[in-house]
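S.K.: sequence first, then the predicted structure, then my questions.
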Amino acid sequence: MDNIKIIAKNRRAFFNYTVDDRVEAGIVLQGSEVKSIKDGKLSFPDAWAEVVSGEVWLNSFKISENPYSSIFNHEPDRKKKLLLHKDEIKRLNRKVEEKGFTLVPLSFYLKHGRVKVELGVCKGKKLYDKRAAIKERDADRDAQREFRLR
């Protein structure tokens, strides 16, 4: 993976959801937004995407204002349009219309200087699935600790 710089990962999404499918999408941004993202000033703990009339929009994704942009600053909470091919949008729309599936941003990264988002078609985990994940993670951590000690 050359020319890719990861800006942020949504670790909470991997804990709360099972990821069924992944898609790379571009984002329509303003100049001050790009600068803020490159500085890592973004927040998306409960962000999600939706398909509205053949377009994909990212909601609850906050990009902090850039202090050096003066009057040309952006609105931090505005919806961002995602750039995908029509066929990809149709495929995602079919999956999202199924019960329980949602589009969740998994990571944001720079690819050849452009900001990209990795969208996941996700289904929510039940409480017992989350407990099993915690138990598995703890067991892996204990095993790694044993290997280090020996």
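M.R.: Yep, that arrived.

S.K.: assign R137 to helix, strand or coil.
M.R.: Three-state assignment for R137 (DSSP: H, G, I helix; E, B strand; the rest coil): helix.

S.K.: need the pLDDT of it.
M.R.: Predicted confidence (pLDDT) for R137: 84.

S.K.: just the one 5 residues further on next, same as before
M.R.: On the pLDDT scale, D142 is placed at 85.

S.K.: next, it: secondary structure please.
M.R.: Three-state call for D142 (three-state DSSP): helix.

S.K.: for R11, see how far away it is.
M.R.: Distance, D142 to R11, by Cβ to Cβ, to the nearest Å: 20 Å. (C-beta placed from N, C-alpha, C; glycine too.)

S.K.: and the residue most central in space within the chain, bridged to which residues?
M.R.: Nearest to the mean C-alpha position of the chain, counting by Cα atoms, centre = their mean, stands P105 at 2.0 Å. Applying DSSP bridges to P105 yields these beta-bridge partners: L119.

S.K.: mind checking how far it is from A47?
M.R.: Distance, P105 to A47, using Cβ to Cβ: 5 Å.

S.K.: got it, and C122?
M.R.: Noted for C122: a distance of 12 Å to A47, by Cβ to Cβ.

S.K.: look at the two and report which has more neighbours.
M.R.: C122 (24 against 20; other Cβ atoms under 10 Å).

S.K.: can I assume the residue nearest to the centre of the chain is in contact with K116?
M.R.: No. Judged on Cβ atoms under 8 Å, P105 makes no contact with K116 at a distance of 10.5 Å.

S.K.: that older thread, need the overlap of contacts for C122 and A47.
M.R.: Counting by Cβ atoms under 8 Å, 6 or more residues apart in numbering, the contacts common to C122 and A47 are V104.

S.K.: quick check: K9 vs P67, distance?
M.R.: Distance, K9 to P67, by Cβ to Cβ: 25 Å.

S.K.: who has more neighbours, the two?
M.R.: Neighbour count, other Cβ under 10 Å: between K9 and P67, K9 has more, with 14 against 10.

S.K.: pull the number of nearby residues for K79.
M.R.: K79 is flanked by 15 other residues according to other Cβ under 10 Å.

S.K.: for it, what are its contacts?
M.R.: K79 neighbours (Cβ under 8 Å, 6+ apart): 57-59.
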